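Peer 1: Mind looking at a prediction? Sequence and model below.
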Number of protein chains: 2
Amino acid sequence: MSTSTRTGRGLGAGLRATSKVLPEHARAHNRSLVLQHLFHEGPTSRADLARATSLTRVTISDLVNVLLAEGLVEELGVQPGRRVGKPAILVGMRTDAYQIVAVDLSDDAVMRGAVMTLTGEAVVRRSLPAAGRVGDELVDLIARFARTLVAAATRPVVGVGVGSPGVVDAAGRVIEAPNRQWADLPLAAILADRLALPVHVANDANSAALAEYTYGGAAGSMLVLTVGQGVGAGVMVDGARVHGAADAAGELGHVTVVDDGEPCACGRRGCLETVLAAPALRAAVSGLDPAAADAALAGVGRTLGAALAPVVGALNLADVLLSGPPELLDGALRTAALQTLTERTMPATARGLQLRMASLDEDVVLAGAAVLVLAAQLGVS
Amino acid sequence: MSTSTRTGRGLGAGLRATSKVLPEHARAHNRSLVLQHLFHEGPTSRADLARATSLTRVTISDLVNVLLAEGLVEELGVQPGRRVGKPAILVGMRTDAYQIVAVDLSDDAVMRGAVMTLTGEAVVRRSLPAAGRVGDELVDLIARFARTLVAAATRPVVGVGVGSPGVVDAAGRVIEAPNRQWADLPLAAILADRLALPVHVANDANSAALAEYTYGGAAGSMLVLTVGQGVGAGVMVDGARVHGAADAAGELGHVTVVDDGEPCACGRRGCLETVLAAPALRAAVSGLDPAAADAALAGVGRTLGAALAPVVGALNLADVLLSGPPELLDGALRTAALQTLTERTMPATARGLQLRMASLDEDVVLAGAAVLVLAAQLGVS
DNA sequence: GGCGGTTAAGTCGGTCTACTAACAAACATG
DNA sequence: CATGTTTGTTAGTAGACCGACTTAACCGCC
């Protein structure tokens, strides 16, 4: 008999909080399963949904009836193909019945926003100069901006998604965003209160990763590098977004990659950002003839490849995506980076690895903000 | 109305399989929640369990009754502290009522195994020379070895855990392990069949990470580097083990870290293993006076720190653990690696980062194999 | 010493969820 | 036109959790 459960080594060290699961949560999960299938695979009959989810037809019918009543799905008539038996009635997700409001704060000079369909397409676009606005004033501006977007929506709005620079926790609290003079700011909660809508906030580069995963068809183990004024990253591992111990996952821009390199805005030297950010790349190739420019870009590519190799090796990533100006990234730089990456990782790791351009354009962050809402409100991603 | 759900960009690309959840799965989850609490926090009253899990006392009593009937928990009398109200009856997990058989295949010369308590302590140890045994012959040997361990157990055996080199998928199939001449070998299924017990197999370094997480009190975002004949790694992200796109996560040993470095067994040059594996370290310091040896080790530490910086930055890890010979690792090497890591990542990342020795000794892999069983059979980790 | 207040645990009935079994509807085929 | 096949619905059942009530055991205070 053992009154001393704690004689083991180091037991009881960390409290791994997990929360209870009720039958209703199970139902919510199954409901999401149905939506997820309809979202990614298109209209499907109840019987096929049952086969795909391995739930019974009865349960599927029940779930579909609820979704029909909510207006999230609709019946689309009988399936075209003529087969034996009673013809199936197709059920499809009404991706145009609801809309999502997305806000992109990654550019500190201009706030960008859109009303989007559930499939990630912008219906209405707005932007607003925001240079110099910081702190609470900026929050006010965002709230007003979001309100105009909500007003511009032509369908009921499911929620509001925000991609913000800085460190953002899972609850949408901005832990720190120096450029915006934000610290420990519960941005999601504030906006949810003012807009009376569900609001979800995440780091902009992490949002980009979500967008490429959900809308861009990227693999479940992948990394997205966003190259713009700075360099950011978002990582998905085994189909889940990586948050990190202090919600700061993806901070690759300020990892040192060049010994005794150029000084960086962060105060140190040789950060990835000092060679890979768009301004740095433009400076590196300005005034050079094409061949020399390619050589310069290839050099950056090799540096990038060397920096990514340990990450790819440790996580066995399937996709590495570059998001940013294609004229700078999608050429010698990408080729050299892929070659270096392949050379510096073992074949088992490099096999099946892709290093390609992100498939979404400058709307990545907006689309990712939409995915935040989609995932949280409907369980679809 | 939208018959064209698939007009979005790239929708329907990847099938993200998730399986249905039934109420009984919810119950299994809640049951694990109770066990998890008892395991990590020690004996607890039903009422306290209810408060900790936010389930009701009714449900907790029901779950506890089932666990009592199974002999997994026991009543331990009233709580010592005298307070108002009816004294609570403590319920404790009977960590000595069941045992786990663990096998460590990381050393190709000798197979190590143990009968372990649920708290990860070895009760019986066995080892068996295995040099030269490969392929099916080795599988036979493992099966017989495991059978003797099962026979040596003094309590009912919950299951068998195996830590193996090579790439192992979630189902315990060894995708490839060149040294053992294994390819696409369903090791877990074979052993489960022969032993008539649940068997779980995972990569040895990944097992080590699990062990440090569960028994060693490591954070939920961490990386364990195992340094021995070779170099392996296991990664946990946000409390979950990383599998990787092709189940090859943690292959850091063969990431290139030195340009034009020493040739490696894998056929390439300058792999981390060529500088960090125990034989390489011993060779690097042999015949040197202490100061020169420390300088050599510090050099390796700096190389290691530079290789880990991108990983730590991308994942925002809280812990990096070194498992291996302390006389080589726990000195100048570790200090230099930590310093380099701190210098090469941004403060937000480096803050709260620890680089320390693993807290478990040479039993790490065995303990990790036990966690495989613990997690899969009882939901505790 | 008795009595109210407090906390722990068990009991009973109700709700929710998904399942099995059986059935009606609609179509293709011979 | 009968038969077989597939779809979707209806009715009944078992599991899982909860709220409300009850019993049990203890403290403290008049």
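Peer 2: Received it, and whenever you're ready, just let me know what you need.
Peer 1: wait, what's in contact with residue A:69?
Peer 2: Taking CB atoms under 8 Å, 6 or more residues apart in numbering or on different chains as the definition of contact, residue A:69 has no neighbours. Yep, even glycine has a C-beta here, placed from its N, CA and C like the rest.
Peer 1: Now do the same for the helix or strand harbouring it: mean pLDDT, whole number.
Peer 2: Assigned by DSSP states H and E, residue A:69 belongs to helix A:57-70. The average pLDDT within helix A:57-70 is 96.
Peer 1: relative to helix B:290-315, how tilted is the top helix by length along chain A?
Peer 2: In chain A, with assignment by DSSP state H, the single longest helix is helix A:290-315. Angle, helix A:290-315 to helix B:290-315, by axes from the mean of the first three to the mean of the last three CA atoms, to 10 degrees: 100 degrees.
Peer 1: Now helix A:290-315: buried residues?
Peer 2: Across helix A:290-315, burial judged by 16 or more other CB atoms under 10 Å in any protein chain shown covers A:293-294, A:296-298, A:300-315.
Peer 1: Not counting residues beside it along the chain, what's closest to residue A:329?
Peer 2: residue A:322 (4.8 Å; CB to CB, 6 or more residues apart in numbering or on different chains).
Peer 1: number of nearby residues for the one you found?
Peer 2: A count of nearby residues for residue A:322, using other CB atoms under 10 Å in any protein chain shown, gives 23.
Peer 1: Return the residues in contact with residue A:366.
Peer 2: A:102-104, A:112-114, A:116, A:122, A:163.
Peer 1: hang on, I meant residue A:148
Peer 2: Shown in contact with residue A:148 (CB under 8 Å, 6+ apart): residue A:126.
Peer 1: same thing but 10 Å
Peer 2: Contacts for residue A:148 (CB atoms under 10 Å, 6 or more residues apart in numbering or on different chains) come out as A:101, A:113, A:124, A:126, A:128.
Peer 1: do residue A:274 as well
Peer 2: Counting by CB under 10 Å, 6+ apart, residue A:274 has contacts A:231, A:253-254, A:256-258, A:261-266, A:268, A:280.
Peer 1: Which residue comes closest to it once chain neighbours are left out?
Peer 2: Closest to residue A:274 by CB to CB, 6+ apart is residue A:262, at 4.3 Å.
Peer 1: how many other residues sit next to that neighbour?
Peer 2: The burial count for residue A:262: 13, using other CB under 10 Å.
Peer 1: Assess the claim that it and residue A:269 are in contact.
Peer 2: Yes - look at residue A:262 against residue A:269 with CB atoms under 10 Å: they come within range, at 6.7 Å.
Peer 1: Show me how the record splits chain A into domains.
Peer 2: A:23-93, A:99-209+A:364-378, A:218-357 (automatic domain parsing).
Peer 1: before we move on, the earlier item: so which of the contacts of residue A:366 is the closest to chain B?
Peer 2: If you rank the contacts of residue A:366 by distance to chain B using CB to the nearest CB, residue A:116 comes first, at 10.4 Å.
Peer 1: Report the distance from stretch A:283-300 to the chain centre.
Peer 2: Relative to its chain's centre, stretch A:283-300 lies at 31 Å (CA atoms, centre = their mean, to the nearest Å).
Peer 1: Report whether it contacts chain B.
Peer 2: No - contact between stretch A:283-300 and chain B is absent, the nearest approach being 13.8 Å (criterion: CB under 10 Å from any CB of the partner chain).
Peer 1: Give me the mean pLDDT for that stretch.
Peer 2: Here stretch A:283-300 scores 96 as its mean pLDDT.
Peer 1: Other residues contacting that stretch?
Peer 2: A:257-258, A:262, A:272, A:275-277, A:280-281, A:301, A:327-329, A:331-337, A:339-340.
Peer 1: who's in contact with residue A:80?
Peer 2: A:87, A:90.
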